[in-house]
Structures are given as C-alpha cells and as structure tokens.
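Provided below are the primary sequence and the corresponding predicted coordinates.
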Amino acid sequence: MRRALRNPQLVAGGTVVLLILLVAVFHPFLAPYGVEQMDMANRLSGPSAKHWLGTDNFGRDLWTRLAHGAAISMSIAMASVLIAGTFGTVIGLISGYAGGWLDLTLSRLVDLFLAFPPLILALALIAVLGPGPVNVTIALAAAFWTQYARVVRAITLAERERDYVLAAEAVGASLPRILGRHILPNAAGPILVLATLGVGTAIVTESGLSFLGLGVQPPTPTWGWTLSYGLRFLRSDPWMSTLAGLTIMLTVLGFNLLGDGLRDHLDPRGVVRGIRKNPVS
Amino acid sequence: MLAYTARRIALLVPLLVGIAVLVFLLMHLIPGDPARVLLGDDATKEAVDRLRASLGLDRPLPVQLWLYFQRLAAFDLGRSIFQSQSVASLILARLPATLEIAFMALLISALLGIALGVAAAVKQGSPVDVFCMMFAQAGVSMPVFWLGILLMYVFAVELHWLPAIGRGEPLPSAIGAAFSGRPEVLLKSLSHLVMPALALGLSNAAVISRLVRAAMLEMLSSDFVRTARAKGMGEGVVVFRHALRNALLPVVTVIGWQCGVLLSGSVLTEGIFGWPGLGQLAVNAIAQRDIPLVQGVILTFAFVFALVNLTVDLLYSAIDPRVRLG
C-alpha cells in the first residue's frame, strides 16, 4: 500500500477517478438546479457565482448537466466493462483450459470479432438495435470483450500445466472450482488493469457515439451530445463545448493514469501490454 | 517466404467469409419486422411487402445467406434504401477520401511518434523525457473529435490559417498537377488535409512514442549497443542505425492495429471537417437505418482492416525472418 502511494500515476489517476465517481453517485445532492430547469435571463453565460460553469442555450445550468452526464457515462461504461469482462473471462478460461477443438473454435470466434475495428463493431450494433443506454452498453461490451478473452486465455494456458492445478485435478476438484478458485486468481491483476483502462476507453467511445447523435438520445444530457450541440455556439460562447470536452478528457486521463499505475503493480510480467495495444479513438 | 505468404493469404479467405457471415447475421438481429422498422409505422402494407421482397426478407435465412454470398461474389452490395444508387458505387466514390486521410494520419503519427520516443529514450529522466511522456499520456486520453474541434477553432476560426471544411483535389491528381507546374493545387489539397489528419494521427503518435521509448530503452542497454559503443562508433550511428532499427520492429506490428483505429476515427472526424469519406457515409446510413448501406460500409471497413493487417504481417515477416521461421 505504501509502495502504491509513492506511484504518482496511481495517486493522480485514483484521485481523479474517485472525484468523478463521487460526482456521479451524489450528483442529485451536488447539483444546485434541475437538469431541465431553464434560466432564460442567463442563456449561454460563462461561469458566474450563480452558475459555476455557466449555462447552455436554454439557460440550463452546465454544472448540473455535466454532473448528471457523469452518472450516465459512468454507468454505461462500467456496466459494459462488467459484461465484457465477465463474458471474455469465461470464454478465455474455457478456451485456455479445454484446449483442442473447443479452444480452436473459440479462438477463431475471438479473431473474427477482432477483425472489426471496435468502434465500427459498436456502430454496426447500434445500427441494428437502435440508440439508447441499454443498446449502447451492449454495443460497447460486444466491441471490447475480446481483450479479456485473449489475456485470460494466455494466462490459463500457462497456469494449466502448473503443479498446483495438477494437484487440484488429482484430488478431484470440480471444473468450476479449478477455473474459479485456482486459475482465475492468477488472472485477477491483469483483468483489473484491463478493466480500468477499459472504462476510460468505454467512456470515450460512448461520448463519441453521443457526439455523432447515435448514442443515448437527448434530452438526456450526455457529455458527447453537450459537446456536439455546443459547437453551434462555439464562436459566441465556447464554454459549452469546451467544458464538455475537458470533462471527457480529464475522466479518460484519470482512468488511463490509474490503469497504467495499476499495471506497474499488478501486471509486472506485462501480459496486458502485449495484448492491449491501443485505445479506440 | 513464398510459402509463408501463400499460407497467410489462404488464411485470409475464411476470415473474409467469417466477416461476411457475421455482418449478415448482425443485420438480421433487428427486432421485429425489419421492413416495417425501416419504413416506419406510417408506411402502407404494400410498401412494406415490396421492401421485404426486394430485400429478400421473405425467404428462409439459409437461402438469404446463399443469395447474399452470390451477390457478394459479384461485388453486388445491393441498393441504398434512401439514395437511389447502388451501395458499391456510393462506397467506391468515398473510399479514396478516407484512405487518403488515414494514410496521412499514419504518416504523421509514425514520424511524430518515433521522433518523440527516441528523444525521450535518449534523454531518459530529463525534462525532455517528462515532456514527451506527458504529451503521450494527454494524447492517448484526448478524444479525436474533441481534438479536431480544438484544431479547427484555433487554426480555422481564430487564425484563418487553414480552411475549416471540405476537401481539395484528390491527393494523387494534386501531386500530378504539382509536377505539371501547378503547385498551388497540391498546396490547397494539403491545407484541407492537414487538420483532419493531425486530429486523427496525434493520439496514435502518442501510442507509438510510448512504444518506441520502451523499445529504445531496452535496445540502448543491450549488448550489441554496448559493443557498438566500445568499437568507438559515434552516438548518432549507435542510436539511429543500431538501436532504432531494432526498436522499430514492435512498431510495425502495431501499425496494422493503428489502421483500424484510424478507420474508426474517420467516422468521428469526417463530420467535423466536412470530409466526404466513408465515415460520414456510415454515420448518415446508421442515422437513417439504411441497412443495405450500413452492411456495405461495415463490410468495407472490416475488409480494408483485414487487408491492412495481412500486409503488415507480410511486411513484418520480410523484415524479421524469425516470424516466419519460428
């Protein structure tokens, strides 16, 4: 723990992430106005004592709307990571442990999904399912589960030959027990690193979808939509877009720093580095 | 090398078939009656029936799949529902613009990323290193659409240095014009190209710079670099001829993946810069739920991505024989 506190990335990233999480959870108590509450006398005003971050074109308080947006972005990103992580981990465990034709089939399935750039795959699903928070979550999970499957499969392949697994098999431990209690803990560190970085990627992708008008639909105040709608007033009032853009960037930066910091601690062998090469967009 | 190349190309075929099947199945995930969903609740029953028949949706799924493959083999991607053109011609008209922007972005990200990575590694621990790695962390965290807007605001809206939207003459013909004594055509093309390419390329430059730095640090502390230094070679030769050449190997492997990121990114940036490419076509098609067009565009993205990855793999095996022999 003390070693962790000396890692500046971990501390900085952790602080940012904690703050955003607190805002996301407690936004109804932190926001001074209603999300749709208009103050027409102060439309598109910059930051002031009355409106800390200014207002949008309907005079709606930007701090209130960005705080509400934090809750939306965080819920979607975390839910999609949870789904992708769970599904990918299960596939990776089965694939790596079973070997043979099952491994071959599952690995080809992973390759097939990897043949699509993640955002393109998410867009394809949105095109079919339509926009909205649940569908965006599904689309993001479908775009990113392969990372977990690959990492967990690689770890399972290495661990399956180790003596402690052979011993567990010899005493007749059940398959779920071998996978869950013996092999999975070895993958926990890398999975946590991937998931942390994955939340950042999911947030940027979700914002991108909202920015394109293909994510969660208005009147829900997503960060991406606020950014894109604010472009209409960029010359007269750059606050709306700028603040939304900064919020997205800071949040993603926080998760990236936290993920990189965690990697130094939890994945010293660099399993994640080899497989996760890049953020999406 | 020939056998390896043949094997890799042979492996591409099942992948392409797999991609096509997955896209086909995806488009059949539409809940309810796709023809009704596409035309909306106001459409008459006759119109819905006609669309269903013209999309072949009234046949059993395996028959549809078979017909779909027959058409694909003839490069027939169907017709757009809302634009009275074939999907293939719509895509072909826009693909070059997207490839152009992706190529420029790749060039920018490789040059910038390598330069920053080498500088950071050679001056490890110095302010240069700290600056480069801060740039990298910021670049990785910066959404491309947000970067694009910032660039446009500064260089087009405020400074008026560059045109905000649109595309000049296509790059190949602009280069041709420059050679036939009209360099202003090329300059105009480049002035349109630079901002979208920079917006797309900068975050990839950040990724590459981190990779190059890590690889360079490893190489600079390796035995062959120590030997080269012991022989009395100049530091420049050691860094660029010995260390960098080896450090670039891992960079080549990520370039394929980067191209996927660039293709995705084109969807996000083309709208900002009014760039008439595949990304904008995709966004409009999805917003209108023009399913044949969406299907075609997604297929094109995945096919291009697969071809780029194949090329990169072959290139890599040409550079590093251990890959094909190992």
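Arrived safely.

show me what the lengthiest helix in chain B is packed against.
Longest among the helix segments of chain B by residue count, using DSSP state H, is helix B:183-220. On a contact count with 3 or more C-beta pairs under 8 Å, 6 or more residues apart in numbering or on different chains; DSSP states H and E, helix B:183-220 meets helix B:87-122, helix B:127-141, helix B:144-151, helix B:171-179, helix B:245-273. Where C-beta positions appear, they are placed from N, C-alpha and C, glycine not excepted.

does the third one come close to chain A?
Yes: taking C-beta under 8 Å from any C-beta of the partner chain as the criterion, helix B:144-151 and chain A are in contact, through B:144-146, B:149-150.

related to what we said a few turns ago, can you give me the buried ones in the longest helix of chain B?
Burial within helix B:183-220, assessed by neighbour count using 16 or more other C-beta atoms under 10 Å in any protein chain shown, is assigned to B:185-186, B:188-190, B:192-217, B:219-220.

what does stretch A:167-184 give?
A:168, A:178-179, A:182-184.

need the helices and strands packed on helix B:183-220 in JSON lines (columns: distance to A:Arg65 and mean neighbour count).
Conversion of those to JSON lines gives the following (distance: least, C-beta to C-beta, whole Å; neighbours: other C-beta atoms under 10 Å in any protein chain shown):
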{"stretch": "helix B:87-122", "distance to A:Arg65": "33", "mean neighbour count": "21"}
{"stretch": "helix B:127-141", "distance to A:Arg65": "22", "mean neighbour count": "17"}
{"stretch": "helix B:144-151", "distance to A:Arg65": "17", "mean neighbour count": "24"}
{"stretch": "helix B:171-179", "distance to A:Arg65": "42", "mean neighbour count": "15"}
{"stretch": "helix B:245-273", "distance to A:Arg65": "22", "mean neighbour count": "23"}
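
which one of those helices lies nearest to A:Ile155?
Each of those has some distance to A:Ile155 by C-beta to C-beta; the shortest is helix B:245-273, at 20.9 Å.

does the next helix or strand after the closest one reach chain A?
Counting by DSSP states H and E, the next helix or strand C-terminal to helix B:245-273 is helix B:278-288. Yes: counting by C-beta under 8 Å from any C-beta, contacts between helix B:278-288 and chain A involve B:282-283, B:285-287.

which among those residues count as buried?
B:282-283, B:285-286.

pipe these into JSON lines and attach pLDDT and distance to B:Val239 per row.
Listed next are these as JSON lines, based on pLDDT from 0 to 100; distance: C-beta to C-beta, whole Å:
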{"residue": "B:Ala282", "pLDDT": "91", "distance to B:Val239": "43"}
{"residue": "B:Val283", "pLDDT": "91", "distance to B:Val239": "44"}
{"residue": "B:Ala285", "pLDDT": "89", "distance to B:Val239": "48"}
{"residue": "B:Ile286", "pLDDT": "88", "distance to B:Val239": "47"}
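
can you name the two of those that are farthest apart?
B:Val283 and B:Ala285 (7.3 Å).

what is in contact with these two at once?
The contact sets of B:Val283 and B:Ala285 do not overlap (C-beta atoms under 8 Å, 6 or more residues apart in numbering or on different chains).

export the helices and strands packed on helix B:183-220 to a markdown table and tack on mean pLDDT?
Below are the helices and strands packed on helix B:183-220 laid out as a markdown table (pLDDT from 0 to 100):
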| stretch | mean pLDDT |
| --- | --- |
| helix B:87-122 | 91 |
| helix B:127-141 | 88 |
| helix B:144-151 | 90 |
| helix B:171-179 | 82 |
| helix B:245-273 | 82 |
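
distance of B:Leu25 relative to chain A?
Here the criterion is C-beta to the nearest C-beta, to the nearest Å. By it, B:Leu25 lies 10 Å from chain A.

give me the angle between the helix or strand encompassing A:Gln147 and helix B:245-273.
If you go by DSSP H and E, A:Gln147 is part of helix A:133-159. Calculated by axes from the mean of the first three to the mean of the last three C-alpha atoms, to 10 degrees, helix A:133-159 forms an angle of 170 degrees with helix B:245-273.

ok, then the element right after helix A:133-159?
helix A:163-170.

what is that next one packed up against?
Packing contacts for helix A:163-170, counted by 3+ C-beta pairs under 8 Å, 6+ apart, involve no helix or strand.

can you give me the helices in chain A?
Per DSSP H, chain A carries helices over the ranges A:2-5, A:8-30, A:62-98, A:100-114, A:118-129, A:133-159, A:163-170, A:175-177, A:184-211, A:223-230, A:239-266, A:271-275.

as CSV, those helices with mean pLDDT would be great.
Output for the helices of chain A, formatted as CSV (pLDDT from 0 to 100):
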stretch, mean pLDDT
helix A:2-5, 72
helix A:8-30, 90
helix A:62-98, 93
helix A:100-114, 91
helix A:118-129, 90
helix A:133-159, 93
helix A:163-170, 90
helix A:175-177, 90
helix A:184-211, 92
helix A:223-230, 89
helix A:239-266, 89
helix A:271-275, 56
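
quick one, which of those helices is nearest to B:Val23?
Comparing the helices of chain A by C-beta to C-beta, helix A:118-129 comes nearest, at 7.0 Å.
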